[in-house]
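Enquirer: Need the 3D shape of this:
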Amino acid sequence: MTTSTPNRRSAPDAGGDRAFFGQPKGLATLFFVELWERFSYYGMRAILLYFLIGKVADGGLGIDETTGTAVVTIYGASVYLLSIIGGFTADRMFGPRRSTLYGALVIMSGHICLAIPATPTAWLGIALVALGTGLLKPNVSTMVGMQYKGDDPRRDAGFSIFYMSINIGAFFSPLVVGWLRDRYGFHAGFSAAAVGMAVAVVWFVRGRKVLGPHVDDVPNPLTRQERTKVGGLAVGALVAFGLVVVVAGLWRDTILDQMIDAISIVALLTPIAYFTMMFRSPKVEKEEKSHLLAYLPLWIGAMLFWMIFEQAAGKMALFAADRTVTETAGVNVNPEWFQSINPLAIVVLAPVAGWIWTRRAGRFPSTPMKFVLGVTLIGVSALALSWAFATFKGNTAPVYILGGVFVLQTVAELCLSPVGLSATTRLAPKAFASQAMALWFLGSAAGQALAAQLIQGLGGLSDSTYYLVNAVITLVVAGVLLALVPWIRTKMATAELHSAVGASTH
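Expert: Numbers count the residues shown, from 1 in each chain. Have a look, this model is predicted:
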């Protein structure tokens, strides 16, 4: 995820540097940093729910299932919200390298806190990992772009290699951390995540020179007056958030539930504020506002997509632990292992999807139709989970039930996620190009916040009913999107024409 400018200045000697599979040697450093950071992130995420709802005698926190699932979901929302801060610190304060380093150190501290068998340090650790990931996440991809000159034909291939690191780390971490949790307990699993992050930090520091001096650039540094203003705004934001937590106490009894609601409110109101600002801005032309209006239903569809998709570590983790067989073909099945299916499926299916979209370029399916397919498939996966929760009691579901749902959701992801950024750049107002990219990623935060509220609101009902509600909402929106496809296609075509005319007049 990238919320800051992806290529402020490229490496001056990038064209002659082919040390890493024909790519700049700086890519090797960033590849392994991202691999180990994702190892730590997905490893911690794989066992987080089990840790929250596990018995205290077994090393868990003993939280009820509904609240624990909501916490995991709102944790994911927090990561995407805090990524805005990561983009800001890189652009205005520290530059991408130092923002990444500070984020990595905060993440490592969080995992160390989680490795300590104490409740207060556990909550501190969760908060630190969310904050550190928000600082780091937008900036590693930014530095990848900085390794290339603007016209370097290797750029796309370089990013493809880089994104493989994400899937490698995401694939192996649930396997390793799940095994450690099963053999030695939760804190051993969190320790592995801490070690993974420590490796990332060491690798990043050792590879500093090959990244080039440009990774320390601060493209738009704060003036002395702005620093004072930003400090005041930060204090004001913290006070405002505290007030939201207090207000949530009017309908919530515990501080944990109040925090969940407060973060949900912020995650849902922030994109609303972004859209409102763009629609009301005098810098946005009338034609651009019509393009932005066409983008709105796509964004809502994406929000609902992430609402269901990001339950891999939530409701789907419950199905893995409580409904799926614990042994198949003589192999003991750890529930965490299912979370390795998505990255494996991405590696296998992404080239196939890329080949299909390339062959079908300019024909069916169009970009908005890909959104419809993605939202429809994720809705179908929710129907499948509703059926599975209603059908299988105890650890009786064959492995292929949940495994098949993960693969179906991966296909849905490949339909929607890659074209989301493209649609955003094509329909965004020129004056708000960067903010529109942040808005796209806020869809995940809003979707997970909505999921947290549904989890709590439907807490008295079955998991089957929860997924049925999710499926109905999503499939209805998919139907609306299908009806809007011709109109959205027209707006996207006029947006491209408008952009071409604007470019020719400058």
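
Enquirer: May I see the buried residues of the one helix or strand F204 maps to?
Expert: Using DSSP states H and E, F204 sits in helix 186-206. Neighbour-count burial for helix 186-206, with 16 or more other Cβ atoms under 10 Å as criterion, is recorded at 186-201, 203-204. For glycine as for every other residue, the C-beta is placed from the backbone atoms N, C-alpha and C.

Enquirer: Which residues does it contact?
Expert: Contacting residues not belonging to helix 186-206 are listed as 29, 32-37, 39-41, 43-44, 46-47, 50-51, 54, 59-60, 100-101, 104-105, 107-108, 111-112, 114-117, 125, 169, 173, 176-178, 180-181 [Cβ atoms under 8 Å, 6 or more residues apart in numbering].

Enquirer: what does stretch 267-274 give?
Expert: Against stretch 267-274 from outside (Cβ under 8 Å, 6+ apart): 74, 77-78, 80-81, 299, 435, 438-439, 442-443, 445-446, 448-450.

Enquirer: Identify each buried residue in it, please.
Expert: Those would be A267, L268, T270, P271, Y274, for stretch 267-274 by 16+ other Cβ under 10 Å.

Enquirer: could you say what helices and strands the helix or strand hosting T490 packs with?
Expert: According to DSSP H and E, T490 maps onto helix 463-504. Judged by 3 or more Cβ pairs under 8 Å, 6 or more residues apart in numbering; DSSP states H and E, helix 463-504 is in contact with helix 286-309, helix 315-322, helix 367-391, helix 399-427, helix 433-457.

Enquirer: and of those helices, who's closest to A262?
Expert: With Cβ to Cβ as the measure, helix 433-457 is the member of those nearest A262 (10.3 Å).

Enquirer: got the angle for the closest one vs helix 463-504?
Expert: 170 degrees (axes from the mean of the first three to the mean of the last three Cα atoms, to 10 degrees).

Enquirer: for helix 433-457, packing partners?
Expert: Counting contacts by 3+ Cβ pairs under 8 Å, 6+ apart, helix 433-457 packs against helix 65-92, helix 255-280, helix 286-309, helix 399-427, helix 463-504.

Enquirer: if we go to 6 Å?
Expert: Using 3 or more Cβ pairs under 6 Å, 6 or more residues apart in numbering; DSSP states H and E, the elements in contact with helix 433-457 are helix 65-92, helix 255-280, helix 286-309, helix 399-427.

Enquirer: what about the third one, average pLDDT?
Expert: So the one you mean is helix 286-309. Mean per-residue pLDDT for helix 286-309: 94.

Enquirer: which helices and strands does that helix pack with?
Expert: helix 367-391, helix 399-427, helix 433-457, helix 463-504.

Enquirer: Any buried residues in the strand or helix carrying S165, and which?
Expert: S165 is part of helix 155-184, with elements assigned from DSSP H and E. Applying a neighbour-count criterion of 16+ other Cβ under 10 Å, one finds 155, 158-159, 161-181 buried in helix 155-184.

Enquirer: Tell me what angle that helix forms with helix 186-206.
Expert: Using the same axes, to 10 degrees: helix 155-184 against helix 186-206 is 150 degrees.

Enquirer: Of the helices and strands packed on helix 286-309, which shows the lowest average pLDDT?
Expert: helix 463-504 - the lowest mean pLDDT of the helices and strands packed on helix 286-309, at a mean of 85.

Enquirer: can you give me the angle that one makes with helix 315-322?
Expert: 140 degrees.

Enquirer: from the chain's centre, how far out does helix 463-504 sit?
Expert: Taking Cα atoms, centre = their mean, to the nearest Å, one finds the center of helix 463-504 at 20 Å from the center of the full chain.

Enquirer: switch to numbering from 33
Expert: That works, and once the first residue is 33, the last one we named lands at helix 495-536.

Enquirer: List the buried residues in the helix or strand hosting V384.
Expert: Assigned by DSSP H and E, V384 belongs to helix 373-391. For helix 373-391, burial by neighbour count (16+ other Cβ under 10 Å) applies to I373, N374, P375, L376, A377, I378, A382, A385, W389.

Enquirer: and the second one, what does it touch?
Expert: Contacts of N374 were listed using Cβ atoms under 6 Å, 6 or more residues apart in numbering, and they are F438, T442.

Enquirer: Return the per-residue confidence for A345.
Expert: At A345, pLDDT is 95.

Enquirer: element containing the closest residue in space to it that isn't next to it in sequence?
Expert: Residue nearest to A345 in three dimensions, not counting chain neighbours: R77, with 4.8 Å by Cβ to Cβ, 6 or more residues apart in numbering. Assigned by DSSP H and E, R77 belongs to helix 57-85.

Enquirer: Can you check what angle separates that helix from helix 187-216?
Expert: Using the same axes, to 10 degrees: helix 57-85 against helix 187-216 is 30 degrees.

Enquirer: Show me what helix 57-85 is packed up against.
Expert: helix 97-124, helix 151-177, helix 187-216, helix 218-238.

Enquirer: Centre of the chain to the longest one, how far?
Expert: Averaging C-alpha coordinates over helix 187-216 and over its chain gives two centres that are 15 Å apart (Cα atoms, centre = their mean).

Enquirer: helices or strands up against that helix?
Expert: helix 57-85, helix 218-238, helix 373-391.

Enquirer: Can I get stretch 291-303 in CSV, CA atoms only?
Expert: In CSV, the C-alpha atoms belonging to stretch 291-303 read as follows (Å, rounded to 0.1, in the frame of the first residue of the first chain):
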residue,chain,number,x,y,z
MET,A,291,-12.2,1.9,21.7
ILE,A,292,-13.6,-0.4,19.0
ASP,A,293,-16.5,2.0,18.4
ALA,A,294,-14.2,5.1,18.4
ILE,A,295,-11.8,3.7,15.8
SER,A,296,-14.8,2.6,13.8
ILE,A,297,-16.3,6.1,13.8
VAL,A,298,-13.0,7.6,12.7
ALA,A,299,-12.4,5.0,10.0
LEU,A,300,-15.9,5.6,8.5
LEU,A,301,-15.9,9.4,8.9
THR,A,302,-12.5,9.9,7.4
PRO,A,303,-13.3,8.8,3.8
